[in-house]
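**Q** Below are the sequence and a predicted model for it; my questions follow.
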Amino acid sequence: MSNSMTEALSHLASRMPRIVREHEVLRVAGWMPGEDPDAVAHKAAGEVLRWAQRRAGQRLPREAWDGESFELPLPGRDPSAIRLRAGASDLWAFRIHDPDKTVPGRAWTTEVVLGHVPGKQAQFSTRLLVATPEEDFSIDPAVPGFVQQVAEKCGLVVGSQAASATPAVYADGEDAEALIEHLTDPGRLLPTIVLTLADGASAPYIKAEKLAGVLTGLAHVALARPDAAWRLTERLGKRLSVFGGAARVYQPGFEETAELRPYPAGASSQRVGHLGCLHCRSGQPDPLVQLALIHLEFEALQPIISRPCSP
């Protein structure tokens, strides 16, 4: 093909619209304890709406705060919700868009589903999606701020373990026993990232507070101080423990007799051990009503868990 033809086609291609693809970045799902599931769900909805109102840049309508269906046409954001009632089941599904502040053509969508069905506690589910024409893009994923607020003010439980926006600190040998009980709990559905301190250090290499905040509902974060780390080593052995400033991810289903998983290629075993990687799934956008119907029986409330990197 001649250079002139190549140049002409390149010029034409640059003027054609780029394909926008939507990717699911993360998903958090769990349940919220309380004697009155309806009141708990309403309280959680308030945390979501306060967060959304800051994103929208103007006050949301009264129907939003009453937990009812609403639509607010705002260019690029369009916050909306639908409330569905079926017998004793009550569901509220919310969605808002948010154009990326730095990357043209990239837009974020946050979806939330709250509610309850007979015989169950109030349920919570949220997912974050990004639509972009970029073929290769890099992001620093973090859960929306309202997830931290729901975890702290309403209580958010994934499986048998409470999600927290702050790291759990284990200081001594007695605490280490509690950590082992946590790690081997068969009801634990999220990975647990255990951080330790190097000799003479007062803090881990990774900022525990920041890590726990951005991974609220996606992973548990624990800080094992030296006495606790050495007790962990006594119980699990060096091959399965973590100490001396390293960090390790303990996957759900961990047992004291577990087989050691290899480090990913290029990982350092000196400072930071096997951290794995957060698994991201691609998904197609759902209309708001369809989203609510999918979650009506809460069968689709499955959290994303950390999966090990390929060796």
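**A** Yep, it's here.
**Q** looking only at pLDDT, what's the mean for the helix or strand hosting residue 45?
**A** Assigning secondary structure by DSSP states H and E places residue 45 in helix 37-56. Taken as a whole, helix 37-56 has an average pLDDT of 95.
**Q** Relative to the whole chain's centre, how far out is it?
**A** Centroid separation between helix 37-56 and its chain, computed with Cα atoms, centre = their mean, to the nearest Å, is 17 Å.
**Q** list the helices and strands the helix or strand just after it packs on?
**A** For helix 37-56, the succeeding helix or strand toward the C-terminus, using DSSP H and E, is helix 62-65. Here helix 62-65 is seen to pack against helix 37-56 when contacts are counted using 3 or more Cβ pairs under 8 Å, 6 or more residues apart in numbering; DSSP states H and E. Quick note: C-beta positions are derived from backbone N, CA and C, even for glycine.
**Q** How much space separates the most centrally placed residue in the chain from residue 125?
**A** To find the centre residue of the chain, average its C-alpha atoms and take the closest one (Cα atoms, centre = their mean): that gives residue 218, at 4.0 Å. Here residue 218 is placed at a distance of 13 Å from residue 125 (Cβ to Cβ, to the nearest Å).
**Q** Show me what the helix holding residue 45 packs onto, helices and strands only.
**A** Helix 37-56 sits against strand 21-32, helix 62-65, strand 89-99, strand 107-116, strand 122-132, helix 145-153, with contacts defined as 3+ Cβ pairs under 8 Å, 6+ apart.
**Q** so can I have JSON lines of those showing distance to residue 43 and mean pLDDT?
**A** Shown next, in JSON lines, are the helices and strands packed on helix 37-56 (distance: least, Cβ to Cβ, whole Å; pLDDT from 0 to 100):
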{"stretch": "strand 21-32", "distance to residue 43": "9", "mean pLDDT": "91"}
{"stretch": "helix 62-65", "distance to residue 43": "12", "mean pLDDT": "96"}
{"stretch": "strand 89-99", "distance to residue 43": "12", "mean pLDDT": "93"}
{"stretch": "strand 107-116", "distance to residue 43": "10", "mean pLDDT": "94"}
{"stretch": "strand 122-132", "distance to residue 43": "9", "mean pLDDT": "94"}
{"stretch": "helix 145-153", "distance to residue 43": "7", "mean pLDDT": "96"}
